[in-house]
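Engineer: Please find the sequence and the predicted model below.
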Amino acid sequence: MISGTEILTAAQMRAMESAAIASGAVTGLELMERAGGAVAGHIRLRWPKPGRVTVLCGPGNNGGDGYVIARALWQAGWRVRVLGLDNTAGPDATEMRRRWREIGAVLPLTEDELRCPGESSDVYVDAIFGTGLTRPPEGAIARILAYLGGSGGDWGFFRDRLVAVDCPSGMCLDSGAFLGTRRGPGEYDLRARMTVAFDSPKPGHLLERGPDCCGELVIADIGLRDWRCRAPGGRGGWRSQRPASLTAIWPDFGIADPRRSDGDDRRKAAWLSKRDDPGGHKFGHGHALILAGGAGQGGAARLAARAALRVGAGLVTLCPPAPALTEHAGAPDALMRRAVDDTGALRALLEDRRITALCLGPGAGVGRAAALLPGVLSSRRPCVLDADALTALAADPGLMGGLHPGCVLTPHRGEFARLFPDLDARLSGPQPPAPDLDPRDMARFMPDLVAYRAALSEMRGPAYSRLDAARDAATRSGAVILLKGPDTVIAEPAPRVLPDGPAIPGRAIIHSAFDVPWLATAGSGDVLAGIITGLLARGLPPLDAAATGAGLHAAAARRFGPGLIADDLPEEIPGLFRDMERITAAP
Ligand SMILES: NC(=O)C1=CN([C@@H]2O[C@H](COP(=O)(O)OP(=O)(O)OC[C@H]3O[C@@H](n4cnc5c(N)ncnc54)[C@H](OP(=O)(O)O)[C@@H]3O)[C@@H](O)[C@H]2O)[C@@H](O)CC1
Ligand SMILES: [K+]
């Protein structure tokens, strides 16, 4: 529903590059020249006056980009020092190294050279590892990376002047984790001021350590986007054939960016604000039931109910047990109240087919959630299961069998660990070796780029990621999973696999909200559950409702600013709708 930008995994990126080269549309050298040229261009934009630069070149094509950057900056009048390895792999990187050697020297890539007194630079270019990182860096290279990360004692020195090519070296572009270190922030994580990546963001730019360590993220076009749209075999284009299997929603590409507004965005804005439905009836926008808990626990459910109303559900009914009914007598008056004491009462209520979505969890109490879950699930109505409903689900795995594709589960990491302990353990534990692309598979899928891409989407990076975990959990449970965090991942179950076809993964979305840390506040999750329930009630499919809900939730927090409490979030939604309409209005 909310526009995003397509993400490619590292394997997809490499495969697309190979396919473009194999098609004859471009050579590897041309791509490297464009990539290095783009990084040099962004350096010159931020440091307009030529200064001193040290370029650190690794053994692969990331290093090849480094030699191009060195040449481009030298041509622009910079004083360039290049530290590189002897064992440059691959013909393109070797050729770029040769071209640089016609201009200047390549000093050994060692910590001593990096520390060399009197050789301090204004800019350091990290072109050591990019998408080809397959294992944790060791020995001398690991020490160099730690030094750039601040082990020499001057952490801020490199942070202010490090430009990463594709990613900070050592970070896995599929997970945002630094290979070989404990998950989570590390003492000497390499942190760049700016990262210039190519063609599309990769999951690692948006997950875990990515947003903090990449600094400003720039996605440079290296000419593959046009090729993708013209590619033969795509029957109208790689991109337009199917919705992207993986999408990012992040502040630069979110709903508030007029540069990305198109007719589709206008339609979405009009749908959200109901302007596209003049003369519509309240039942035309659905009826949401929010199942509340016992006396003294009603606040969370009321927050959810208010959010469901604000996001446009035609009717919202709050359903506590009878003894707690009076507690909910206050505002908003638009909210209806109805006692639901047990599953029997719930089933009777659900005979009204106009009830189009349910929410169970916020403030429900684990016992009541466990009692009502079978009724909620057997209704087969779209539903959000949050908080206590997730705890109840984890405590009784038999209930998992009742989940269906209309369910949206919204666990935070702790709830996810209770629901899927083995997947959570893989997220924190030792990492399996990386799978690699079998050239026979490439040949098999080359004529049909859509299938080719779909098959590659299954490939995983060297570190098991939050994206992998959410996708696996969705496929196992048969429900949409929204794994909460500043890097929220939303995944749908993998669809049916054709007998002889490639495995088609379910769609997934990464929603990045690192810029709104004040969203981490009591009741914020209850509001999110309510927004998604409201959108489900209005008829959005579960993945869209979850992704749009996450987008509106963060946008509301962004709009309000620091000092936010959960009660403020629903009240920002009308303003958000107005903003969206204004921004997307036809000129
Ligand atoms: N895709 C595109 O469209 C474009 C991509 N471009 C650029 O290419 C980059 C990808 O290049 P790449 O595939 O050569 O990988 P890269 O990151 O340079 O490293 C691979 C080398 O490192 C080695 N190695 C790995 N791990 C290691 C470790 N822990 N410790 C030590 N060595 C290790 C590995 O050796 P091996 O694993 O084979 O032993 C191999 O020699 C990409 O990020 C972008 O910058 C642009 O030029 C043009 C457009
Ligand atoms: K790099």
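Structural biologist: All right, it came through fine. Ligands and ions are numbered 1, 2, ... in the order given.

Engineer: which residues of the stretch 401-550 of the chain fall in strands?
Structural biologist: Chain-ordered strands for the stretch 401-550 of the chain, with DSSP state E, counting those that start in this stretch as the definition, fall at 407-409, 480-483, 487-491, 508-512.

Engineer: How about residues contacting the shortest one?
Structural biologist: Under the contact criterion C-beta atoms under 8 Å, 6 or more residues apart in numbering, strand 407-409 has outside partners 377, 382-386, 390, 393, 403, 419, 473, 477-482, 532, 536, 542, 545-546. Placement of C-beta: from N, CA and C, glycine included.

Engineer: Setting the sequence-adjacent residues aside, check what's closest to the closest residue to ligand 2 within the stretch 201-350 of the chain.
Structural biologist: Per C-beta to the ion, the residue of the stretch 201-350 of the chain with the smallest distance to ligand 2 is C214, at 10.2 Å. Sequence neighbours aside, T195 is the residue nearest to C214 in space, at 3.9 Å (criterion: C-beta to C-beta, 6 or more residues apart in numbering).

Engineer: near ligand 1, anything from the helix or strand containing the one you found?
Structural biologist: Here T195 is covered by strand 194-198, with elements defined by DSSP states H and E. Yes. Using C-beta under 6 Å from any ligand atom as the criterion, contacts between strand 194-198 and ligand 1 involve F198.

Engineer: what secondary structure does the spatially closest residue to R267 that is not a sequence neighbour sit in?
Structural biologist: Once its chain neighbours are removed from consideration, R267 has its nearest residue in D276; the separation is 7.1 Å (C-beta to C-beta, 6+ apart). State at D276, reduced to three classes by DSSP: H, G, I helix; E, B strand; the rest coil: coil.

Engineer: mind listing the helices for the stretch 351-500 of the chain?
Structural biologist: 366-378, 387-395, 413-419, 421-428, 439-445, 449-457, 466-477 (DSSP state H, counting those that start in this stretch).

Engineer: Please identify the buried residues of the third one?
Structural biologist: By 16 or more other C-beta atoms under 10 Å, the buried positions in helix 413-419 come out as 415-417, 419.

Engineer: Show me the shaky parts of this protein.
Structural biologist: By pLDDT under 70, the low-scoring segments of the chain are 1-4, 229-263, 429-460, 496-505, 584, 586-587.

Engineer: Reduced to three states, what does A269 come out as?
Structural biologist: Classification of A269 into helix, strand or coil gives helix, according to three-state DSSP.

Engineer: circling back: neighbours around the residue nearest to R267, how many?
Structural biologist: Summarising burial for D276: neighbours were counted as other C-beta atoms under 10 Å, giving 13.

Engineer: and what of D277?
Structural biologist: By other C-beta under 10 Å, 12 other residues sit near D277.

Engineer: how far away is it from R538?
Structural biologist: D277 sits at a distance of 10 Å from R538 (criterion: C-beta to C-beta, to the nearest Å).

Engineer: Any idea how many residues pack against M32?
Structural biologist: Burial of M32, expressed as a neighbour count using other C-beta under 10 Å, amounts to 23.

Engineer: do the one 5 residues further on as well
Structural biologist: By the measure other C-beta under 10 Å, the count of residues near G37 is 17.

Engineer: quick one: contacts for it?
Structural biologist: Applying C-beta under 8 Å, 6+ apart, one finds that G37 lies in contact with 68, 72.

Engineer: again, 6 Å this time
Structural biologist: Applying C-beta atoms under 6 Å, 6 or more residues apart in numbering to G37 gives the contacts A72.

Engineer: all strands for the stretch 1-150 of the chain, in order.
Structural biologist: Secondary structure of the stretch 1-150 of the chain, counting by DSSP E, counting those that start in this stretch: strands at 5-6, 52-57, 79-84, 107-108, 123-127.

Engineer: Check what contacts the second one and list those residues.
Structural biologist: Read it as strand 52-57. For strand 52-57, with C-beta under 6 Å, 6+ apart as the criterion, the contacting residues are 63, 66-67, 69-70, 73, 78-84, 121-128.

Engineer: buried ones in stretch 346-362?
Structural biologist: By 16+ other C-beta under 10 Å, the buried positions in stretch 346-362 come out as 346, 349-350, 355-362.

Engineer: Give me the distance from it to the chain's centre.
Structural biologist: 31 Å (C-alpha atoms, centre = their mean, to the nearest Å).

Engineer: same deal with stretch 480-487?
Structural biologist: Averaged over its C-alpha atoms, stretch 480-487 has a centre that lies 9 Å from its chain's centre (C-alpha atoms, centre = their mean).

Engineer: Quick check: nearest residue in space to A140, chain neighbours excluded?
Structural biologist: T110 (6.3 Å).

Engineer: how deep is the one you found tucked in, by neighbour count?
Structural biologist: Residue crowding around T110 was assessed by other C-beta under 10 Å; the count is 15.

Engineer: related to what we said a few turns ago, if I read this right, the residue nearest to C214 contacts I219, doesn't it?
Structural biologist: No. Using C-beta atoms under 6 Å, T195 and I219 do not qualify as a contacting pair, with a distance of 9.5 Å.

Engineer: quick one, which of those two is more surrounded?
Structural biologist: Shown here are T195 and I219; by other C-beta under 10 Å, T195 has more neighbours (27 against 18).

Engineer: Which strand residues bridge the more buried one?
Structural biologist: Residues found in beta-bridge contact with T195 (criterion: DSSP bridges) are A164, L217.

Engineer: Contacts only, for it.
Structural biologist: Going by C-beta under 6 Å, 6+ apart, T195 touches 164, 214, 217.

Engineer: Nearest to A305 among the residues you listed?
Structural biologist: For those, the closest approach to A305 (C-beta to C-beta) belongs to L217, at 37.4 Å.

Engineer: Can you give me the separation between the closest one and L162?
Structural biologist: Taking C-beta to C-beta as the measure, L217 and L162 are separated by 14 Å.

Engineer: what do you get for A40?
Structural biologist: 15 Å.

Engineer: So for the two, which residue has more residues nearby?
Structural biologist: Each of A40 and L162 has its neighbours counted (other C-beta under 10 Å); A40 has more, 26 against 23.

Engineer: That one contacts I69, correct?
Structural biologist: Yes. The criterion here is C-beta under 6 Å, and A40 meets it with I69 at 4.9 Å.

Engineer: picking that back up, could you export the helices of the stretch 351-500 of the chain as a markdown table, including distance to M16?
Structural biologist: Written out in a markdown table, the entries for the helices of the stretch 351-500 of the chain read as follows (distance: least, C-beta to C-beta, whole Å):
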| stretch | distance to M16 |
| --- | --- |
| helix 366-378 | 41 |
| helix 387-395 | 38 |
| helix 413-419 | 31 |
| helix 421-428 | 27 |
| helix 439-445 | 11 |
| helix 449-457 | 8 |
| helix 466-477 | 18 |
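
Engineer: what's the closest of these to ligand 2?
Structural biologist: Proximity to ligand 2 (C-beta to the ion) singles out helix 466-477 among the helices of the stretch 351-500 of the chain, at 20.8 Å.

Engineer: Dump the closest one to PDB, keeping only the CA atoms.
Structural biologist: Output in PDB follows, covering the C-alpha atoms of helix 466-477 (Å, rounded to 0.1, in the frame of the first residue of the first chain):
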ATOM      1  CA  ARG A 466      15.900 -11.000  10.800                       C
ATOM      2  CA  LEU A 467      14.500 -11.200   7.300                       C
ATOM      3  CA  ASP A 468      15.200 -14.900   7.100                       C
ATOM      4  CA  ALA A 469      13.700 -15.400  10.500                       C
ATOM      5  CA  ALA A 470      10.500 -13.600   9.700                       C
ATOM      6  CA  ARG A 471      10.100 -15.400   6.400                       C
ATOM      7  CA  ASP A 472      10.700 -18.800   8.000                       C
ATOM      8  CA  ALA A 473       8.200 -18.000  10.800                       C
ATOM      9  CA  ALA A 474       5.600 -16.800   8.300                       C
ATOM     10  CA  THR A 475       6.000 -20.000   6.200                       C
ATOM     11  CA  ARG A 476       5.900 -22.200   9.300                       C
ATOM     12  CA  SER A 477       2.900 -20.500  10.900                       C
END
